[in-house]
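Novice: Model the following, please.
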Amino acid sequence: MAIHLRAANLIQQYMVNRDTEALEELTSLLQDEIKDPSIQVAILTLKMSQEDVERVLMEEDYLKLPVVAVDADVPVHEDKLIRIMCKDQQEGSCMILKVGHLDDNYIKLFPIGGFE
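Specialist: Below you'll find the model as predicted:
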């Protein structure tokens, strides 16, 4: 599961049940994230609309693109989260996906919910 889902769950456990162990786990989770961020610096720019990306993700559960079809501002790494900018992305927003596979030809991106 993505860090934000884990963090939200731990905050809820603390707020609802006054579970201080959840609060300690949240602190540890955030300290680990600071040491090794799960979201990389890279931003991928796609030539697709946000609606098209969302449709493919709903139908296929992943987005597989030729490497030549995306632009990245810095190197992209597998098994990390990445910010996605679609051609019609609203300013100040982005999609966040997980890089599941990357080779010289294709990049395969997955929704972040439910991944560990």
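Novice: how much space is there between residue 39 and residue 88?
Specialist: From residue 39 across to residue 88, the span is 22 Å (Cβ to Cβ, to the nearest Å). For glycine as for every other residue, the C-beta is placed from the backbone atoms N, C-alpha and C.
Novice: again, but for residue 29
Specialist: Distance of residue 29 to residue 88, given as Cβ to Cβ: 34 Å.
Novice: quick one: stretch 21-32 to chain centroid distance?
Specialist: Centroid separation between stretch 21-32 and its chain, computed with Cα atoms, centre = their mean, to the nearest Å, is 20 Å.
Novice: Mean confidence (pLDDT) on that stretch, please.
Specialist: What stretch 21-32 shows for mean pLDDT is 96.
Novice: Show me the contact partners of it.
Specialist: The contact list for stretch 21-32, computed with Cβ atoms under 8 Å, 6 or more residues apart in numbering, reads 3, 6-7, 10-11, 13-14.
Novice: Only the buried subset of those residues, as a PyMOL command please.
Specialist: A single PyMOL command selects the buried members of the contacts of stretch 21-32 (16 or more other Cβ atoms under 10 Å):
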select buried, resi 3+7+10+13+14
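Novice: Lowest-confidence entry in the contacts of stretch 21-32?
Specialist: residue 3 (82).
Novice: burial count for residue 30?
Specialist: 13 (other Cβ atoms under 10 Å).
Novice: measure it to residue 47 for me?
Specialist: 35 Å.
Novice: do the same with residue 53
Specialist: 11 Å.
Novice: likewise residue 31?
Specialist: From residue 31 to residue 47 the distance is 38 Å (Cβ to Cβ).
Novice: pretty sure residue 3 contacts residue 34?
Specialist: No - assessed by Cβ atoms under 8 Å, residue 3 is found out of contact with residue 34, at 11.2 Å.
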